[in-house]
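Student: Here is my input, please return the structure:
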Amino acid sequence: METYKLIDGKFNSDDAKEILMNMISSKIHFHAVKDFSMQERTGEAEALSRERIKELQKTKEQIISIIEKARKKNLILEVHSSVNISFVSKE
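Tutor: Below you'll find the model as predicted:
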């Protein structure tokens, strides 16, 4: 397995919000395009993508809440994010 750091640092609330919202928005967009493509090809929704969008939107709201708490308390946010990549067999 390979691990790559994507985010590793301390950020003020504005910078943390920009970084994290861009990352989540990108994932939401990915799943929205996947769902749209499936609907165009088959006439059916991509259920996994729709469910993932709901999960990501909930996560987005939770992160915004944390960032707002930090902003009100004039605190810095320490953010760490990494990606683990490994090979698996097709099932």
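
Student: Show me which positions of the worst-scoring helix or strand of the chain on mean pLDDT end up buried.
Tutor: Within the chain, confidence by mean pLDDT, DSSP states H and E is lowest for helix 13-42 among all helices and strands, at a mean of 95. Within helix 13-42, the residues that qualify as buried are 13, 16-17, 19-20, 23-24, 27-28, 31, 34-35, 38, counting by 16 or more other Cβ atoms under 10 Å. In short, each C-beta sits where N, CA and C put it, glycine included.

Student: ok, of these, which one's closest to residue 75?
Tutor: Relative to residue 75, the closest of these is residue 13; by Cβ to Cβ it sits at 7.9 Å.

Student: Just confirm that closest one contacts residue 73, I think it does.
Tutor: No - using Cβ atoms under 8 Å, residue 13 makes no contact with residue 73, being 9.5 Å away.

Student: following the least confident helix or strand of the chain, which helix or strand comes up?
Tutor: Next helix or strand after helix 13-42 toward the C-terminus (DSSP states H and E): helix 47-72.

Student: Give the closest residue to residue 5 in space, chain neighbours not counted.
Tutor: In this structure, residue 5 finds its nearest non-sequential neighbour in residue 82, 5.1 Å apart by Cβ to Cβ, 6 or more residues apart in numbering.

Student: er, residue 28 actually
Tutor: Residue 28 sits nearest to residue 56 (Cβ to Cβ, 6+ apart), 5.1 Å away.

Student: contacting residues around that neighbour?
Tutor: Shown in contact with residue 56 (Cβ atoms under 8 Å, 6 or more residues apart in numbering): 24, 27, 28, 31.
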